[in-house]
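Undergrad: model the following, please.
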Amino acid sequence: MVRICKNCGFENQDSYDFCAKCGTPLVEGLQPNTFFVYRNVEQGISRKFIIISYIITIFFSFGGFLMDLVARNTSMGFFSFFGFFMPFFLIQAQDNNIKKHGFIQLFISLVGFILFVRTLPL
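TA: Residues are numbered from 1 along each chain as shown. Prediction:
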């Protein structure tokens, strides 16, 4: 025996309590369960955050180079190494626009690090 849906006319198996096509209850007085579907939506990174990340990357990348120029006998040159942290964080994002900024900042960090390495005494 089949159950016919009053809403759409679809023929359902006898064991079904709800229509397989439209979800209408096939048994009188039976209410469908309410459920919520949550999507994992990545929050977009604001423009302010990207600008701040550029400032931080430039500060750290060229900071080691500048510290080494100002004070030759200090070991503050490692400072430029910290310029790599923000770009690698941005490169891991799923948004292609954010990844693009991550690669640009990685290039800026490499330039700052190369300038620092060139100032090291041989």
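Undergrad: lowest average confidence, helix or strand, in this protein?
TA: Taking mean pLDDT, DSSP states H and E as the measure, the chain has helix 47-70 as its least confident helix or strand, at a mean of 83.
Undergrad: which strands or helices does the helix or strand just after that one pack on?
TA: Note on helix 47-70: by DSSP states H and E, the next helix or strand toward the C-terminus is helix 85-91. Contacts defined by 3 or more CB pairs under 8 Å, 6 or more residues apart in numbering; DSSP states H and E place helix 85-91 against helix 47-70, helix 96-118. Every residue, glycine included, has its C-beta placed from N, CA and C.
Undergrad: reformat the ones you listed as TSV; add distance to residue 23 and mean neighbour count.
TA: Shown next, in TSV, are the helices and strands packed on helix 85-91 (distance: least, CB to CB, whole Å; neighbours: other CB atoms under 10 Å):
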stretch	distance to residue 23	mean neighbour count
helix 47-70	42	17
helix 96-118	37	17
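Undergrad: convert the C-alpha atoms of the least confident helix or strand of the chain to CSV, please.
TA: Taking Å, rounded to 0.1, in the frame of the first residue of the first chain, the C-alpha atoms of helix 47-70 are listed here in CSV:
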residue,chain,number,x,y,z
ARG,A,47,40.3,46.9,4.6
LYS,A,48,41.7,48.4,7.8
PHE,A,49,43.2,45.1,8.7
ILE,A,50,44.9,44.8,5.4
ILE,A,51,46.4,48.3,5.7
ILE,A,52,47.5,47.6,9.2
SER,A,53,49.1,44.3,8.1
TYR,A,54,51.1,46.2,5.4
ILE,A,55,52.3,48.7,8.0
ILE,A,56,53.4,45.9,10.4
THR,A,57,55.1,44.0,7.6
ILE,A,58,57.0,47.0,6.3
PHE,A,59,57.9,48.0,9.9
PHE,A,60,59.3,44.6,10.8
SER,A,61,60.9,43.9,7.3
PHE,A,62,62.8,47.1,7.0
GLY,A,63,63.2,47.6,10.8
GLY,A,64,66.0,45.1,11.0
PHE,A,65,67.8,46.7,8.0
LEU,A,66,67.4,50.2,9.6
MET,A,67,68.5,49.0,13.0
ASP,A,68,71.6,47.5,11.5
LEU,A,69,72.4,50.7,9.7
VAL,A,70,71.9,52.9,12.8
